[in-house]
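S.K.: Sequence unavailable; structure follows:
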Ligand code: ARG
């Protein structure tokens, strides 16, 4: 244990001599240990201290940083619980509060008074109260356990620790695993559940550039939205109640209008979701050749089918917008990841590192066979690798799929209707409550295409010997020359005859469900079978691989830390709070081209295409631009900066994170990564990786000038 502590933990968390000379930008550091990086941060321009970032005895910056629903980051910007995050983080809240009559997604929205703010059901935000290294209380007890027993043990030790940590408080806690289980931290949080939407720009501004510009620089997206946290009268978190009061935070971020220039210090503080920087060459190869193309192909099917219908009417567009945006985001992500892994020769980089490791590992029993064993695990897994993707990214992405599968519990009960009467009533009662959710975004024409095309993708991509019998049955019953035509015919049949092809039909079925009707329903037969086949026969191979892979990765990381005792590293992102520091910096995407570090409002106008789905603009935007009415938000040259780039190390989940200047003042909101470094979750590329941020001055301009809201008065502005 002591050895482990000195190596893995030391390596993971500490700064070293190497760090003191090189400016570094790679790294998602643990806030409680950021003191080790302080000297380097100061060298790069930081003017505060580590204690200003993380302190458990007095308010520090970390108290203003929130995990938003576990998928994004948000930050508190006023003493009345006002919160900034990205537009794409608020997107679902905004879209689900839009109707064709009151379309705040397209038109924007600014609450005039607190009473106009819109409560968002189900949305929570939480602040890290403290974090504590509990590795020594966990790791020594895991020796010799296999992966299942190990995670059970971690869970039970974890729940003792979290119980102790939260006793007598209103806090919640969890124990999180770092570096694939080489370290553990206890994290204590304060969770707020009364969150209200205060405002949003129209999506033509908040999502300007759409999927065409997504993941790319130069960028002109006003990617922000504004919420407020409400608390009980005692200032503590409380469930939604009309007379809850705006939360008084321990800490909120001042907002700087001073602007940015290349080289300026920049720090991103937030909750990055997942990186996989220790992915192996085998994993890269599998991703490039098989997994990524399957993900992209299946997402593409859904996107095209939905888009066609979304273009037809506003109600459909609103119903599908949020899901469309999510699927599109990672559709493009995986295209870019594949492309950049190839361009940056990530496979070769990994291979070279692995060769070094293997040479070092010779004669060391713990490590000597690691890669040979790992390779074997990959070989065993490969035939099954596409199966879960073809399901989760494809077949089960049809909206009728989860509906049909929700009947699985009923199947057994219906065998004896009399005996199970009460249970059947309970089950159908619960399903009836879900009908609105089930059919909220249900759209027959697109779903019918999705069923047919994802089945074809499954048929082509998943090895034939893994197909369920139902596929053969479909091919013979709906035979139409080619599998493609047969699957089309089959999908047509589903939406003509299934009991689940509309809300009314399903309601009727639930009034009087019979085993016969269920078992003769093609939608039910198909989705229940294709899932049962996978869960019953193939999921085990995937689970076994994932377990083995994690164990190997844990050993690899431990080995690497022994191999490089002075190595400066941080653990992979795991949705816990991290600090990334760096500087404002431009880059050259390719030979002969230099991208600037910022974009301006003129660029928005250059891209403007009236009526376009992605590049339209609100009318008053053009008006304001013509008058060059930028107020106090103008740069020194009179222009309005829209976005800028820094070399901060971020990933998904960081979206909405504050970008802070040397004094801890808000200068922007991180919202994206750049195309040339789309392989960044696997390897951080010094030369190319940038973090794309919306300039806070553009945010405030959109609130005040474009939105006509006086919210800016509530902020602490630093000029
Ligand atoms: N790429 C951004 C991120 O993952 C999300 C952008 C959302 N916009 C969109 N057009 N889908 O943080």
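M.R.: Ah, there it is. Because the structure is a prediction, the values reported are computed rather than measured.
S.K.: Mind listing what's buried along the longest helix along the chain?
M.R.: Residue-count comparison of every helix in the chain, with assignments taken from DSSP state H, identifies helix 314-343 as the longest. Of the residues in helix 314-343, those with enough neighbours to count as buried (16 or more other Cβ atoms under 10 Å) are 316-325, 327-329, 331-341. All C-beta spots, glycine's among them, are computed from the backbone N, C-alpha and C.
S.K.: Same list, those, but only the ones touching the ligand.
M.R.: Restricting these to those adjacent to the ligand (criterion: Cβ under 6 Å from any ligand atom) gives 325, 328, 329.
S.K.: Assess the claim that the first one and residue 90 are in contact.
M.R.: The one in question is residue 325. No: Residue 325 lies out of contact with residue 90 (Cβ atoms under 8 Å); the separation is 11.4 Å.
S.K.: can you pull out the strands in the stretch 401-550 of the chain?
M.R.: The residue ranges that make up strands in the stretch 401-550 of the chain, judged by DSSP state E, counting those that start in this stretch, are empty, as it has none.
S.K.: Could you list the contact residues of it toward the ligand?
M.R.: Within the stretch 401-550 of the chain, no position is adjacent to the ligand by Cβ under 6 Å from any ligand atom.
S.K.: nearest residue to the one residue in the stretch 401-550 of the chain that gets nearest to the ligand other than its sequence neighbours?
M.R.: For the stretch 401-550 of the chain and the ligand, the shortest gap (Cβ to the nearest ligand atom) falls at residue 441, measuring 16.7 Å. If you skip the residues right next to it in sequence, residue 441 has residue 319 as its closest partner in space, 4.4 Å away by Cβ to Cβ, 6 or more residues apart in numbering.
S.K.: Check the gap between the one you found and the ligand for me.
M.R.: In this structure, residue 319 and the ligand are separated by 17 Å, where distance is defined by Cβ to the nearest ligand atom, to the nearest Å.
S.K.: quick one, what contacts that residue?
M.R.: If you count contacts by Cβ atoms under 8 Å, 6 or more residues apart in numbering, residue 319 has them with 440, 441, 443.
S.K.: For it, give its distance to residue 80.
M.R.: Computed with Cβ to Cβ, to the nearest Å, the distance linking residue 319 and residue 80 is 34 Å.
S.K.: can you check residue 343 too?
M.R.: If you measure residue 343 against residue 80 using Cβ to Cβ, the figure is 47 Å.
S.K.: If you tally nearby residues, what's the number for the residue of the stretch 401-550 of the chain closest to the ligand?
M.R.: Residue 441: 18 surrounding residues under other Cβ atoms under 10 Å.
S.K.: wait, isn't it in contact with residue 320?
M.R.: Yes: counting by Cβ under 8 Å, residue 441 sits close enough to residue 320 to count as a contact (5.4 Å).
S.K.: re the thing from before, tell me the spacing between the residue nearest to residue 441 and residue 399.
M.R.: Counting by Cβ to Cβ - residue 319 and residue 399 are separated by 10 Å.
S.K.: any idea of the pLDDT on whichever residue of the stretch 501-650 of the chain sits closest to the ligand?
M.R.: When scored by Cβ to the nearest ligand atom, the stretch 501-650 of the chain has residue 614 as its residue closest to the ligand, at 8.0 Å. Confidence per residue is given as pLDDT, and for residue 614 that number is 97.
S.K.: Next up, phi/psi of it, please.
M.R.: Phi and psi for residue 614, reported as degrees, to the nearest 10, are phi -120, psi -20.
S.K.: Neighbours of it, how many?
M.R.: Burial of residue 614, expressed as a neighbour count using other Cβ under 10 Å, amounts to 16.
S.K.: Give me the neighbour count for the residue lying closest to it once chain neighbours are set aside.
M.R.: Closest residue to residue 614 apart from its sequence neighbours, by Cβ to Cβ, 6+ apart: residue 210 at 3.1 Å. A total of 17 residues lie near residue 210 under the criterion other Cβ under 10 Å.
S.K.: do the one 3 residues further on as well
M.R.: Around residue 213 there are 20 other residues, counting by other Cβ under 10 Å.
S.K.: Residue 466 too?
M.R.: Counted with other Cβ under 10 Å, the neighbours of residue 466 add up to 17.
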